[in-house]
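[1] kindly return the folded structure for what I paste below:
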Amino acid sequence: MILPVTLLTAGLLTLWYVFISLKVSLARGQQQISLGSGAEGSDFSRIVRVQANAAEYIPLFLIVLAVLEFHELRADILYVLAGLFIVGRVLHRRALLSASVAGRIWAMQFTLWPLLIAALILLYTWFAQVIIFG
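    Residues are numbered from 1 along each chain as shown. Model prediction:
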């Protein structure tokens, strides 16, 4: 089964992760930091946290998205969830690098709401298939 929404989203998020990883590598070279994340709250530590945060959230979202798509959730709903999540990741980088607390709150809203909605749909799907129709 081809999962077009997951394929597109995985491709876009992989490009995003490569971009932010290159930013970490460039910053390491410029600041001559070969290991670690620098002093707490430093510009370099924020750059590293952008990458680490993406590594924490992106795999989970892609797994959830693929499972929903495999269970044939409507593509428009999947595209909306994926779009919101991607916007959240971009906003998160911007907010974290500018040290904007309000921006980070918005960014995490765009990240966590799609995950929460997807989780609820997964649980509903399980309940409907296993408990009701099982």
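
[2] CA atoms for contacts and neighbours, from now on please.
    Fine.

[3] ok, residue 114 touching residue 83?
    No - between residue 114 and residue 83 there is no contact under CA atoms under 8 Å: 9.1 Å.

[4] just want the most central residue of the protein.
    With distances taken as CA atoms, centre = their mean, residue 58 lies nearest the centre of the chain, 3.6 Å away.

[5] correct me, but residue 21 touches residue 51?
    Yes - under the criterion of CA under 8 Å, residue 21 makes contact with residue 51 at 6.3 Å.

[6] where do the helices sit along this structure?
    Applying DSSP state H to the chain gives helices spanning 4-31, 43-70, 75-98, 101-126.

[7] TSV for the ones you listed, including distance to residue 132 and mean pLDDT?
    Converted to TSV, the helices of the chain look like this (distance: least, CA to CA, whole Å; pLDDT from 0 to 100):
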stretch	distance to residue 132	mean pLDDT
helix 4-31	28	94
helix 43-70	19	94
helix 75-98	23	96
helix 101-126	9	96
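
[8] JSON lines for these, including distance to residue 133?
    Formatted as JSON lines, those follow (distance: least, CA to CA, whole Å):
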{"stretch": "helix 4-31", "distance to residue 133": "27"}
{"stretch": "helix 43-70", "distance to residue 133": "18"}
{"stretch": "helix 75-98", "distance to residue 133": "23"}
{"stretch": "helix 101-126", "distance to residue 133": "10"}
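
[9] now residue 73: phi and psi?
    phi -60, psi 150 (degrees, to the nearest 10).

[10] residues in contact with it?
    Neighbour list for residue 73: empty [criterion: CA atoms under 8 Å, 6 or more residues apart in numbering].
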